[in-house]
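Novice: below is the structure, and that's it, no one-letter string:
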């Protein structure tokens, strides 16, 4: 006679997703959707409650709204990072561009604009969890292949579709390396890229960055589609099906 898996055991094995949002309709909408997708939803409505639930329940990922009753959601990010490396996906309104950038720079991993499509949100969740799952500490990937592009970090070379190595300047290579290392599908802000490639003194020179991204895209040819622009925020590296 076969034994059925206990609902409690099955529930315990599902990745926990903490939703920190003060809008009841968001929770009513997301809770059954996350359940149906195989996740265990956790609920919090304030910064303080979100930090407490995150510390007690160790979620696999946090969905964080920026406008919360007891403070700015951004203030929770460094506090969360003090005890968890779980991906943090920002939920933000379309007119909160500056807030989104600040939240990503503070340690957020991605963002989804309200109102959002469920399919897009679930895809972002899957991508964020895959990035964490792929991470092997102290065993960095030396060669990354995505969408016909091969990037060899040891040799500092890149090639498209098994062709000859691209003739990149040192700065163009550093920019491509920063995008690829950021993780497939993850948004990287202008400030993060500028600081990483050119240094903190150039953190606000977004026009400078756009010029270099344009040059890099030209050299990548067909693979230029892998560098996707997030208007007013930064760039995302990878294919659309992440």
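Specialist: Yep, that arrived. All values derive from a computational prediction rather than experimental measurement.

Novice: the helices in the protein, which residues?
Specialist: Listed in chain order, the helices of the chain (DSSP state H) span residues 7-13, 24-36, 47-57, 76-81, 97-105, 118-134, 170-181, 190-197, 206-220.

Novice: determine how far the second one lies from the middle of the whole chain.
Specialist: The gap between the average C-alpha position of helix 24-36 and the chain average comes to 21 Å, counting by C-alpha atoms, centre = their mean, to the nearest Å.

Novice: coming back round to it: of the helices of the chain, which is nearest residue 151?
Specialist: helix 170-181 (5.1 Å; C-beta to C-beta). Placement of C-beta: from N, CA and C, glycine included.

Novice: which strands and helices sit next to the closest one?
Specialist: Where contact means 3 or more C-beta pairs under 8 Å, 6 or more residues apart in numbering; DSSP states H and E, helix 170-181 is packed against strand 149-152, helix 190-197, helix 206-220, strand 234-237.

Novice: which one of those lies nearest to residue 90?
Specialist: Across the helices and strands packed on helix 170-181, residue 90 has its closest neighbour in strand 234-237 (12.9 Å, C-beta to C-beta).

Novice: and the helices and strands packed on helix 170-181, which one averages the lowest pLDDT?
Specialist: Here the lowest mean pLDDT among these goes to helix 190-197, at a mean of 89.

Novice: need the contact partners of that one.
Specialist: Applying C-beta atoms under 8 Å, 6 or more residues apart in numbering, the contact partners of helix 190-197 are 101, 104-105, 171, 174-175, 178-179, 182, 202-206, 208-209, 233-235.

Novice: please apply the same query to stretch 144-161.
Specialist: Stretch 144-161 has contacts (C-beta under 8 Å, 6+ apart) with 140-143, 162, 165-166, 168, 173, 176-177, 180, 184, 220-223, 225-226, 237-239.

Novice: now swap in stretch 76-96 and tell me
Specialist: Around stretch 76-96, the neighbours that count as contacts under C-beta under 8 Å, 6+ apart are 20-21, 26, 47, 50-51, 54-55, 58-67, 73, 99-100, 103-104, 106-114, 116, 121, 124-125, 128-129, 131-132.

Novice: that older thread, mind putting the helices of the chain in a markdown table, distance to residue 153 and mean neighbour count included?
Specialist: As requested, the helices of the chain are arranged in a markdown table below (distance: least, C-beta to C-beta, whole Å; neighbours: other C-beta atoms under 10 Å):
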| stretch | distance to residue 153 | mean neighbour count |
| --- | --- | --- |
| helix 7-13 | 35 | 9 |
| helix 24-36 | 36 | 15 |
| helix 47-57 | 33 | 17 |
| helix 76-81 | 26 | 19 |
| helix 97-105 | 24 | 19 |
| helix 118-134 | 15 | 16 |
| helix 170-181 | 7 | 18 |
| helix 190-197 | 14 | 20 |
| helix 206-220 | 16 | 15 |
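
Novice: would you format those helices as JSON lines with distance to residue 156 included?
Specialist: Output for those, formatted as JSON lines (distance: least, C-beta to C-beta, whole Å):
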{"stretch": "helix 7-13", "distance to residue 156": "42"}
{"stretch": "helix 24-36", "distance to residue 156": "42"}
{"stretch": "helix 47-57", "distance to residue 156": "39"}
{"stretch": "helix 76-81", "distance to residue 156": "30"}
{"stretch": "helix 97-105", "distance to residue 156": "27"}
{"stretch": "helix 118-134", "distance to residue 156": "22"}
{"stretch": "helix 170-181", "distance to residue 156": "6"}
{"stretch": "helix 190-197", "distance to residue 156": "14"}
{"stretch": "helix 206-220", "distance to residue 156": "14"}
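
Novice: and the ones you listed, which one averages the lowest pLDDT?
Specialist: Set side by side, the helices of the chain show their lowest mean pLDDT on helix 7-13, which sits at a mean of 56.
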